[in-house]
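In: Curious how this folds, go ahead:
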Amino acid sequence: MPLGRPSPPVSGHRPEILHPIPRADARRRLGIADQALPFRGEDRWTGYELSWLDPSGKPQVGGLQVRVPCTSPNIVESKSFKLYLNGLAQVRFSHRRKVAEMLAADLGTATGAEVSARVLGLADPALGHEALPGRSLDGLVPARFEYHYNPTLLQRAQSQEPVSEAWHTDLFRSLCPVTGQPDWASILVSYTGQPIMAESLLAYLVSFREHACFHEDAIERIYMDIQQRCQPARLTVSGHFLRRGGLDINPYRSNENDTPPQRRLPRQ
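Out: Sure, this is the predicted structure:
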């Protein structure tokens, strides 16, 4: 894969450089069979460095939104996606709709699933900034912090009364499994069930600080750990990762049918 290696500039429409990564290996480590996923969801990619030419040769720019279903057999390595997008800078299209159609087709081939792609004007509200719902974990002080992944830090509260609540943190960090560079994110956990001890949830999320995993894998691991250790009736986990190279990835996993809204946070 191109990640972690010197890469020459790309020019033109080059769908062959999109590098697929199978989901199966990471899911096997979580005990998940692809044919019987315990959640639904998608990976939302937002691009901010997209440009092409109109028929007269005038440069055009836009924001990109891509939605990849979590049932796809592959994800796309992010550097290969960035290189692919950069190659379109000198390619002529009759309309931005044509750009979106081509992107959906190429990404669908790479991921092995039907992919949605939209090209938006940079002033589109969908690219604006919002805040996460629920309460912040970031003012809490757990009994101890660990910096290597430890799911046993998760604990349920003593109360047996079910609750519906949402918690978020801006303190999440994991490491790229290829380069070792940090990946920063805000994490939102919404659930209904026996209360989870908020301090334990924060300590658990902080324990990813030296853990190497791709964005999509991190969110699936968080979902599975909470589901297995706390057993909520309803659970949604979403990750809002700081962009690299003009692309950010926002996976969410849920056992509910509602689709969470697209959110753009201030540091994204």
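In: tally of neighbours for His262?
Out: Actually, residue 262 is Gln rather than His. Neighbour count of Gln262, defined by other C-beta atoms under 10 Å: 14. In short, each C-beta sits where N, CA and C put it, glycine included.
In: and it, that one's in a helix?
Out: No - read with DSSP: H, G, I helix; E, B strand; the rest coil, Gln262 is coil and lies in no helix.
In: doesn't Gln65 make contact with it?
Out: Yes - assessed by C-beta atoms under 8 Å, Gln262 is found in contact with Gln65 at 7.2 Å.
In: how about stretch 221-230: buried residues?
Out: Across stretch 221-230, burial judged by 16 or more other C-beta atoms under 10 Å covers Arg221, Ile222, Tyr223, Met224, Asp225, Ile226, Gln227, Arg229, Cys230.
In: Report the secondary structure element holding the fourth one.
Out: When elements are assigned from DSSP states H and E, Met224 belongs to helix 215-230.
In: quick one: average confidence on that helix?
Out: Confidence over helix 215-230 (mean pLDDT, whole number) is 97.
In: just checking, what packs against it?
Out: helix 24-29, strand 182-193, strand 234-241, strand 247-254 (3 or more C-beta pairs under 8 Å, 6 or more residues apart in numbering; DSSP states H and E).
In: List the buried residues in the longest one.
Out: If you call a residue buried by 16+ other C-beta under 10 Å, then strand 182-193 has these buried ones: Asp183, Trp184, Ala185, Ser186, Ile187, Leu188, Val189, Ser190, Tyr191, Gly193.
In: now it against strand 234-241, angle please.
Out: With axes from the mean of the first three to the mean of the last three C-alpha atoms, to 10 degrees defining the directions, strand 182-193 sits at 160 degrees from strand 234-241.
In: And the contacts of strand 182-193?
Out: 132-134, 162-170, 172-176, 196, 201, 205, 215, 218, 222, 226, 230-242, 265, 267 (C-beta atoms under 8 Å, 6 or more residues apart in numbering).
In: same check, this time on the shortest one
Out: Applying C-beta under 8 Å, 6+ apart, the contact partners of helix 24-29 are Ala33, Asp34, Pro73, Cys213, Phe214, Glu216, Asp217, Glu220.
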